[in-house]
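Trainee: Fold the following, please.
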Amino acid sequence: MTPASDGRVEALYTAPSKGKPMVSHESVSVRDGGLVGDRYYRGSGYYSQTDGCQVTLVDDAVLSDARREFGVDLSEGRHRRNVVLRGIGPTDLLDATFQLGGATLRGTRLRPPCAYLAELVGDDEVVDALRERRGGICARVVSPGEVHVGDDIRVTEANPREVGRQIAARLGGTDADAGDETK
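Mentor: As a prediction, this is how the structure comes out:
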């Protein structure tokens, strides 16, 4: 029996070079280092030497909110992220291991909107709103594979801190009790 999907891949993008429009794909190869065809995979991204962000993910709901609330169209890769998710927020993938189609990734940290996005939309307020909604994260590749638009996303190993909080809550403790070993 196949486990239920936690979400799905809504769209896939790569950035061929700095400042150029993102390229939409129906499928991509995920390899150690990121998405084949992306400038960060090739090591030519601005933050390639310091950032360590192999794959970026964003929540489709956050992009829809930006359009509805601010009239800003971040579709067609204008959001500057590799994978658009539906049905699961990227922050649910932080510190978790997950299947993204045929690849396995691990969410590593939040990925706030970049300065280039602020320049593109011409409004720092929009970028601040997107940052507050925590719609984007970085992930590193655990094992390579192919990813297609429409593929399922399944958490295979949950964030251990979140699991601890859930156990503490079921046992009648508080969130603060979950990390305190002296009690």
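Trainee: what's the neighbour count on residue 146?
Mentor: 13 (other Cβ atoms under 10 Å). For the C-beta atoms, the positions are set from N, CA and C on the backbone; glycine is no exception.
Trainee: What is the distance between the helix or strand encompassing it and the centre of its chain?
Mentor: Element membership of residue 146, judged by DSSP states H and E, is strand 145-148. The chain centroid and the centroid of strand 145-148 are separated by 15 Å under Cα atoms, centre = their mean, to the nearest Å.
Trainee: contacts for the next helix or strand after it?
Mentor: Using DSSP H and E, the helix or strand that follows strand 145-148 in sequence is strand 152-157. The contact list for strand 152-157 (Cβ atoms under 8 Å, 6 or more residues apart in numbering) reads 3-9, 85, 87-88, 92-93, 96-101, 104.
Trainee: Could you give me the ChimeraX syntax to select whichever of the residues you listed are buried?
Mentor: Per 16 or more other Cβ atoms under 10 Å, the buried members of those correspond to this ChimeraX selection:
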select :6,7,8,9,85,88,92,93,96,97,98,99,100,101,104
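Trainee: So which of the contacts of strand 152-157 belong to helices?
Mentor: Among the contacts of strand 152-157, no residue falls in helices (DSSP state H).
Trainee: Tell me if I'm right that residue 36 and residue 29 touch.
Mentor: Yes: the criterion here is Cβ atoms under 8 Å, and residue 36 meets it with residue 29 at 4.2 Å.
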